[in-house]
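**Student:** my questions are about this predicted structure, shown below with the sequence.
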Amino acid sequence: MDYFLTDKQKMIKNLARRIAEEKIKPKRAELDEKEEFPWELMDILAKSDLFGLIIPTEYGGFGGGCFENCLAVEELGRACIGVATTFAASGLGAYPILFYGTEEQKRKYLPEIASGRKLAAFALTESSAGSDAAGIQTQATSSGDVYILNGTKQWITNGGEAEVYSVIAMTDRTRGARGASAFIVEKGDPGFSFGRKEKKMGIRCSSTRELIFDNCRIPKDRIIGREGMGFIIAMKTFDEARPGIGALSVGLAQGALDEAVRFAKERVQFGKPIISFQAIQHMLADMATLTEAARALVYAVARYIDTRPRDFSKVSAMAKLFPSDVAMKVTTDAVQILGGHGYMRDYPVEKMMRDAKILQIYEGTNQIQRNIIGQALNKEYGKKF
Amino acid sequence: MEIVVCAKQVPDTESFIKVGPDGKSIDTTGIKWVLNFFDESGVEEALRIKEKVGGTITVLSVGPQRTVEALRQGMAMGADKSILVDDPTAEGSDPAGIAKILAAVIKGIPHDIIFCGFRTTDDESSQVGLMLAEQLGIPHLPPAIKLEISGDQKAVKVESGVEGGMLTLEAPLPAVITVGRGLNEPRMASLPGIMKAKKKPIDTKKLADLGIDPATVGAAAAKVKIQNMTLPPERKAGQIIEGASVQEKAAKLAQLFKEEVKIL
């Protein structure tokens, strides 16, 4: 398929592809097995300036949009979504500063994130607040010229490895979701520490940890936007980032399809390669069709987002929901086509299927995505049902 | 330090290779062309030298117009400029012909160090670097796996692997150094690097610009001619030795070694 990419976009895709093929693929199984954070690969991505993709040129970035980011993470995800998630999570951590930060905050943090010298992370989820984001317990109390943070964030991607954290905390509990605010917390701030590294089903090279705030004092000027804007900032960040999860999903599905087709051409049963059997062909045909449909949706939505429309929550949710469900199905079917081989760790599809599951869960579960789409429909068609 | 990296564009080793209809060359349809790995490694070494002592890096190639992509790859990594000798008469040159053309270019430009991959991943003749040094009348250093420029920048010291050991050699500059496996790990080009490479100059030359008599290079003048190309035979299925006991299996294996493989 030709998606009419510009020369710049082709260049981004090719560069990410080359890094994925030459650097990520040979390492992915070992990183997964050892649950080792991919610092070496982050260094390669940093030297290629890919971390600057979504950062404007005035802050040392490349000035790309949602679409350019999608092209890069898709290619990285084709090799390993553990590595690609680590990469993409830094962008997620940067978005609040990029969209709502003051000029000073942007000058201080964005160039370092763009160069890859520092990783960023985004922290919203808590043990009692995931899908129900308004249930956040972490408190930020204003005291003189500092905010004092108390509470624990859970399952934070890049936790412990990132230097810059965008953290959502309550400044006024009485106001519910409108009482949340966003803050920049730096690794090393007094009272800020990390919980244990979680043991996960998939994306095992990525770091997932608790962030613990125990009377963590940060200067007043670390607030992003104004008090009470935390929830809006979080939602806007997710709206922008969701097609990225869709792109990761497309990459993963494509990676699994590549493996399945290659295997089906080589595997001989009943005297013929199994790709000559209709049962296999039909499975592959469905996998390929779903993957291409997911890609077309992600690209269309990402390009639409780059035209800066006013409200795009609905389509952004669609661009996460559909591809992640596709990735789950395609990776599961890839394991089926490889049969016993597919179930073994000697072949990459076993990892791919384990990895796929997180795509339906993080950055808003697929149930939440359906809520967002449903609510948008309700609004669009008026409330007279 | 003026550094010249000789580069060849070769089929990606992942490409599916088919023999062409003439039986003497490969079918180039659908081939992905890349910069020869050892030449890429040469660009990397040149960049490391430049980062230390400063200088200019020129990537030089002989080939058709598509070769521009390989030159851009070198410039995206950080090389400053390129020279491409694109002349249909040069096509089909043997290593001696290529060395002659490269030498003619290099004689006309400043040069302290010349890097050549010690071999290409397509023809693997491993001759161009040596012949080039001969043509230029300067030293050639064998496949380097470690390299050091002297403090006064007048000499170079390389380490090269020999059977069971290491050879350390020193030569005055200018010299031709062939790049061995393991000299370095070439860097990935960066996004801004790729952007900048599009604007870096590529000087395209014809044989006439270099004062080369067309009759002395190209397919007609080649002393080495490819007569025939065939793909390696498909690997036969392995043989499993059956037997009731280990002793019986070992006896059968020994017999096979004696009678069929003839190594005992």
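**Tutor:** Cool, the structure landed.

**Student:** I'd like the distance between residue A:31 and residue A:76.
**Tutor:** Distance of residue A:31 to residue A:76, computed by Cβ to Cβ, to the nearest Å: 13 Å. For the C-beta atoms, the positions are set from N, CA and C on the backbone; glycine is no exception.

**Student:** whoops, residue B:12 was the one
**Tutor:** Taking Cβ to Cβ, one finds residue B:12 at 20 Å from residue A:76.

**Student:** ok, these two, which is more surrounded?
**Tutor:** More neighbours surround residue A:76 than the other of residue B:12 and residue A:76, with 28 against 11 (other Cβ atoms under 10 Å in any protein chain shown).

**Student:** can you tell me the helix or strand for that one?
**Tutor:** helix A:66-79 (DSSP states H and E).

**Student:** who's residue A:180 bridged to?
**Tutor:** Beta bridges link residue A:180 to residue A:170, judged by DSSP bridges.

**Student:** tell me the pLDDT of it.
**Tutor:** On the pLDDT scale, residue A:180 is placed at 95.

**Student:** just give me the neighbour total for it.
**Tutor:** Look at residue A:180: counted by other Cβ under 10 Å, it has 27 neighbours.

**Student:** go ahead and confirm it touches residue A:234.
**Tutor:** Yes: Residue A:180 lies in contact with residue A:234 (Cβ atoms under 8 Å); the separation is 7.5 Å.

**Student:** now for the two: what residues contact both?
**Tutor:** A:133, A:168 (Cβ atoms under 8 Å, 6 or more residues apart in numbering or on different chains).

**Student:** and chain A, what are its domains?
**Tutor:** Using automatic domain parsing, the domain ranges for chain A come out as A:7-118, A:121-230, A:232-380.

**Student:** which one of the ones you listed lies closest to residue B:176?
**Tutor:** domain A:7-118 (28.1 Å; Cβ to Cβ).

**Student:** redo the domains of chain A as JSON lines? Include distance to residue B:76.
**Tutor:** Listed next are these as JSON lines, based on distance: least, Cβ to Cβ, whole Å:
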{"stretch": "domain A:7-118", "distance to residue B:76": "9"}
{"stretch": "domain A:121-230", "distance to residue B:76": "28"}
{"stretch": "domain A:232-380", "distance to residue B:76": "23"}
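
**Student:** so which of these gets nearest residue B:81?
**Tutor:** Of those, nearest to residue B:81 by Cβ to Cβ is domain A:7-118, at 20.1 Å.

**Student:** chain center to the closest one: distance?
**Tutor:** 11 Å (Cα atoms, centre = their mean, to the nearest Å).

**Student:** tell me which other helices or strands the helix holding residue A:76 touches.
**Tutor:** The criterion is 3 or more Cβ pairs under 8 Å, 6 or more residues apart in numbering or on different chains; DSSP states H and E, and the helices and strands that helix A:66-79 contacts are helix A:7-19, helix A:81-100, helix A:230-266, helix A:278-305.

**Student:** now it against helix A:81-100, angle please.
**Tutor:** Calculated by axes from the mean of the first three to the mean of the last three Cα atoms, to 10 degrees, helix A:66-79 forms an angle of 160 degrees with helix A:81-100.

**Student:** for helix A:66-79, list the C-alpha coordinates in PDB.
**Tutor:** Extracted C-alpha coordinates of helix A:66-79, given in PDB (Å, rounded to 0.1, in the frame of the first residue of the first chain):
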ATOM      1  CA  CYS A  66       1.200  12.800  15.700                       C
ATOM      2  CA  PHE A  67       1.600  11.100  12.300                       C
ATOM      3  CA  GLU A  68       5.400  11.200  12.200                       C
ATOM      4  CA  ASN A  69       5.400   9.800  15.700                       C
ATOM      5  CA  CYS A  70       3.100   7.000  14.600                       C
ATOM      6  CA  LEU A  71       5.400   6.100  11.700                       C
ATOM      7  CA  ALA A  72       8.400   5.800  13.900                       C
ATOM      8  CA  VAL A  73       6.700   3.700  16.700                       C
ATOM      9  CA  GLU A  74       5.000   1.400  14.200                       C
ATOM     10  CA  GLU A  75       8.400   0.500  12.800                       C
ATOM     11  CA  LEU A  76      10.000   0.100  16.200                       C
ATOM     12  CA  GLY A  77       7.000  -1.900  17.400                       C
ATOM     13  CA  ARG A  78       7.300  -4.300  14.500                       C
ATOM     14  CA  ALA A  79      10.500  -5.600  16.200                       C
END
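
**Student:** enumerate the residues of chain A near chain B.
**Tutor:** A:8, A:11-12, A:15, A:18-19, A:22-23, A:44, A:47-50, A:52-53, A:62 (Cβ under 8 Å from any Cβ of the partner chain).

**Student:** of those residues - the most surrounded one?
**Tutor:** residue A:50 (29 neighbours).

**Student:** tell me the contacts of the residue lying closest to it once chain neighbours are set aside?
**Tutor:** With sequence-adjacent residues excluded and distances taken as Cβ to Cβ, 6 or more residues apart in numbering or on different chains, residue A:50 is closest to residue A:72, at 5.8 Å. Shown in contact with residue A:72 (Cβ under 8 Å, 6+ apart): A:12, A:13, A:15, A:16, A:50, A:53, A:87.

**Student:** now the two most distant members of the residues you listed.
**Tutor:** Farthest pair in the contacts of residue A:72, by Cβ to Cβ: A:13 and A:87, 14.7 Å.

**Student:** where does the stretch 101-250 of chain B have low pLDDT?
**Tutor:** Within the stretch 101-250 of chain B, no range satisfies pLDDT under 70.

**Student:** show me which residues of it sit near chain A.
**Tutor:** So far as Cβ under 8 Å from any Cβ goes, the stretch 101-250 of chain B lies against chain A at B:187, B:188, B:189, B:190, B:191, B:192, B:193, B:194, B:195.

**Student:** pick the one among these closest to residue A:280.
**Tutor:** Nearest member of these to residue A:280, counting by Cβ to Cβ, is residue B:188, at 36.8 Å.

**Student:** ok, now which ones touch the nearest residue to the closest one once chain neighbours are set aside?
**Tutor:** With Cβ to Cβ, 6+ apart as the criterion, residue B:188 has its nearest non-adjacent residue at 4.9 Å, and that residue is residue A:48. Residue A:48 sits next to A:15, A:19, B:188, B:189, B:190, B:191 when contact means Cβ under 8 Å, 6+ apart.
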